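Engineer: below is the sequence, then the predicted model.
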Amino acid sequence: MQIREGIRLAVGQIRAQKLKSFFAVVGVIIGVMFLITVVSVIEGMNRYMEEDFARRIHGVNTLTLRRTPSVAVNPSEELRRQWRRRPRLTLEDAEAIRSQLTVPALVAVQSDVGGRIKADDTGIEVENVWLTAASEEYFRIREYTVARGRLFNAAEARVGANVVVLGHDVAEKMFGPLDPIGRTVRMGGFPFRVVGVLTKQGTLFGISLDNLAIAPARSQVARIAMPRGHVDEILIRVPHADLLRQAELEVEAIMRVRHRLRPSDPNTFELETAEDSLSFWTRINRMLLIAFPGLVAIALVVGGIVIMNIMLVSVAERTREIGIRKALGARRRDILLQVLVESAVLSGTGAAVGIALGNILAQLIAAVSPLPAAIAPHWMLVAVVLGAGVGIVAGIYPAARAARLDPVVALRQE
């Protein structure tokens, strides 16, 4: 009963003194809003990195063999020199892996370079296109499908036919409503026949994944993307995640033999999985989750101090009322509970407003930037508990002070 009465009085106080109530809970609002916004962005980034980034950049159940790491945080100059001394990967390395690997796997090569592509029919030239030289298995590993036409086949890849599969954006810019299939485009001055257009892939961190053109690795695109026959990556995809570790060990053994490494020599290549590449994000995520609670705590402490001051003023204003209650039989714990409930409702209201503003801000960030946002319901519960907790802690001293009032002295208060 006292709790219900305390809630009613607290809501009445908020309605009667809106401005004072707002300033009382502004610290809680800012703290909770910041908590919800940051956590929503971090949760969204986690899902984005684990689902979209891992699938689109590395592929499912896929090993990536590279000369150097794909992600390196502040490597030393000595380490950079070591990487530059490593031997390049070649088409022959991919063939050796394909023939010697005992686990069932798809093996593909990939080399990329930025360049321009021009349509003979329309004369339109598109710049900054990602020109990719790849083998036919590349499409299956990346799970690419075509919206028009077809993918180039094994025979075309083997003989190095000048055929190309365009990304959705490139085809749209060069040909518009025209059907691009069978038309000729030029990359590096060499003519290529368009055989397919990929299904739209969307964006990754705001960067289009459809601004690309893929041609056989043995075609004339190799002169642009694969100078001297060197490849950027060799991709190995196994049917199941359980086979990934075995495939990694076998590929490592094959490459160590090909690079003539002694048992004591370190690897002169990098084998990466999606988990390896996401390790840098895991470290950043951990640092964020350690750092930002401190910032939230500062805002909540400030908010708690403001609430305590407001409640002290409120107790001082209602000293006579408290005296009357105690004279009519209200016990010390009744007064204590009433003030604590009022303080908790006040801060809980601030937490609710902070949650709403945090959700709006998170969605706004997701709409105007490449950063995704995912609202986690359990964090909303944490925010409410934090908000109410700040109110209870901040209300302890004012509540104890009100409960200790002598009813005779309180009744004399004007």
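Structural biologist: Great, that's in hand. Quick caveat: nothing in here was measured; it's all calculated off a predicted structure.
Engineer: use CA for all of it now, contacts and neighbours both
Structural biologist: Will do.
Engineer: quick check, residue 200 in a strand?
Structural biologist: No - under DSSP: H, G, I helix; E, B strand; the rest coil, residue 200 sits outside any strand and is assigned coil.
Engineer: what residues are up against it?
Structural biologist: 147, 167-169, 210 (C-alpha atoms under 8 Å, 6 or more residues apart in numbering).
Engineer: which helix is the longest one in this structure?
Structural biologist: If you go by DSSP state H, the chain has its longest helix at helix 279-317.
Engineer: in helices, which of the contacts of residue 200 fall?
Structural biologist: Using DSSP H, the contacts of residue 200 in helices are 168-169.
Engineer: which among the contacts of residue 200 count as buried?
Structural biologist: 167-169, 210 (16 or more other C-alpha atoms under 10 Å).
Engineer: could you pull out the strands for the chain?
Structural biologist: With DSSP state E as the criterion, the chain has strands at 62-66, 89-90, 106-119, 125-134, 146-149, 163-166, 184-187, 190-198, 203-204, 207-208, 212-216, 230-231, 233-237, 270-272.
Engineer: thought residue 42 was touching residue 379?
Structural biologist: No - between residue 42 and residue 379 there is no contact under C-alpha atoms under 8 Å: 11.8 Å.
Engineer: those two: who's more crowded?
Structural biologist: Set side by side, residue 42 and residue 379 show more neighbours around residue 42, with 20 against 15, by other C-alpha atoms under 10 Å.
Engineer: for the more buried one, what are its contacts?
Structural biologist: 285, 373.
Engineer: just residue 303 next, same as before
Structural biologist: 24-28, 390.
Engineer: can you point out the buried residues in the longest helix of the chain?
Structural biologist: For helix 279-317, by 16+ other C-alpha under 10 Å, it's 281, 285, 296-297, 299-312, 315-316.
Engineer: check stretch 63-75 too.
Structural biologist: 63-68.
Engineer: likewise for stretch 132-143?
Structural biologist: 132-139, 141-142.
Engineer: and for it, what's in contact with it?
Structural biologist: For stretch 132-143, contacts defined as C-alpha under 8 Å, 6+ apart pick out 55-56, 58-60, 62, 106-113, 145, 151-154, 157, 212-218, 221-222, 225-226, 235-237.
Engineer: switch the cut-off to 6 Å
Structural biologist: 59, 108-112, 153-154, 214-217 (C-alpha atoms under 6 Å, 6 or more residues apart in numbering).
Engineer: for stretch 133-151, the distance to its chain's centre please.
Structural biologist: Centroid displacement of stretch 133-151 relative to its chain, using C-alpha atoms, centre = their mean, to the nearest Å, is 27 Å.
Engineer: I meant stretch 375-391, not that one.
Structural biologist: Centre-to-centre, stretch 375-391 and its host chain are 22 Å apart (C-alpha atoms, centre = their mean).
Engineer: measure the residue nearest the centre of the chain to residue 202 for me?
Structural biologist: For the chain, the residue nearest the mean C-alpha position is residue 45 (1.5 Å; C-alpha atoms, centre = their mean). Distance from residue 45 to residue 202, counting by C-alpha to C-alpha, to the nearest Å: 17 Å.
Engineer: same thing with residue 67?
Structural biologist: 29 Å.
Engineer: residue 336 too?
Structural biologist: The value you get for residue 336 to residue 202, if C-alpha to C-alpha is used, is 58 Å.
Engineer: more neighbours: which of those two?
Structural biologist: Set residue 336 next to residue 202 and count neighbours by other C-alpha under 10 Å: residue 336 wins out with 20 against 13.
Engineer: what sits closest to the more buried one if chain neighbours are left out?
Structural biologist: residue 399 (4.8 Å; C-alpha to C-alpha, 6 or more residues apart in numbering).
Engineer: tally of neighbours for the nearest residue to residue 147 once chain neighbours are set aside?
Structural biologist: Nearest residue to residue 147, sequence neighbours excluded (C-alpha to C-alpha, 6+ apart): residue 199, at 4.7 Å. Residues lying near residue 199 (other C-alpha under 10 Å) number 16.
Engineer: and residue 199, what pLDDT?
Structural biologist: You'll see residue 199 listed with a pLDDT of 94.
Engineer: how far away is it from residue 171?
Structural biologist: Distance of residue 199 to residue 171, computed by C-alpha to C-alpha: 11 Å.
Engineer: and residue 339, by the same measure?
Structural biologist: From residue 339 to residue 171 the distance is 68 Å (C-alpha to C-alpha).
Engineer: and for residue 218?
Structural biologist: 23 Å.
Engineer: please say which of these two ends up with more neighbours.
Structural biologist: Higher neighbour count among residue 218 and residue 171: residue 171, with 26 against 21, using other C-alpha under 10 Å.
Engineer: tell me how far residue 385 lies from residue 87.
Structural biologist: In terms of C-alpha to C-alpha, residue 385 sits 58 Å off from residue 87.
Engineer: between these two, tell me which one has more neighbours.
Structural biologist: Applying other C-alpha under 10 Å to residue 385 and residue 87 shows that residue 385 carries more neighbours, namely 16 against 12.
Engineer: out of the contacts of stretch 132-143, which is nearest to residue 365?
Structural biologist: residue 59 (27.6 Å; C-alpha to C-alpha).
Engineer: residue 193: neighbour count?
Structural biologist: 18.
Engineer: nearest residue to the residue nearest to the centre of the chain other than its sequence neighbours?
Structural biologist: The shortest distance from residue 45 to any non-neighbouring residue, by C-alpha to C-alpha, 6+ apart, is to residue 372 (6.0 Å).
Engineer: what's near enough to touch that neighbour?
Structural biologist: 44-45, 366.
Engineer: next, format these as JSON lines and append pLDDT and distance to residue 123.
Structural biologist: Below are the contacts of residue 372 laid out as JSON lines (pLDDT from 0 to 100; distance: C-alpha to C-alpha, whole Å):
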{"residue": "44", "pLDDT": "76", "distance to residue 123": "42"}
{"residue": "45", "pLDDT": "75", "distance to residue 123": "41"}
{"residue": "366", "pLDDT": "76", "distance to residue 123": "37"}
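Engineer: just the ones of those in helices?
Structural biologist: Those of the contacts of residue 372 lying in helices (DSSP H): 44-45, 366.
Engineer: nearest to residue 119 among the residues you listed?
Structural biologist: residue 366 (35.8 Å).
Engineer: tell me how far the closest one lies from residue 40.
Structural biologist: Distance, residue 366 to residue 40, by C-alpha to C-alpha: 10 Å.
Engineer: for these two, indicate the residue with more neighbours.
Structural biologist: residue 40 (25 against 17).
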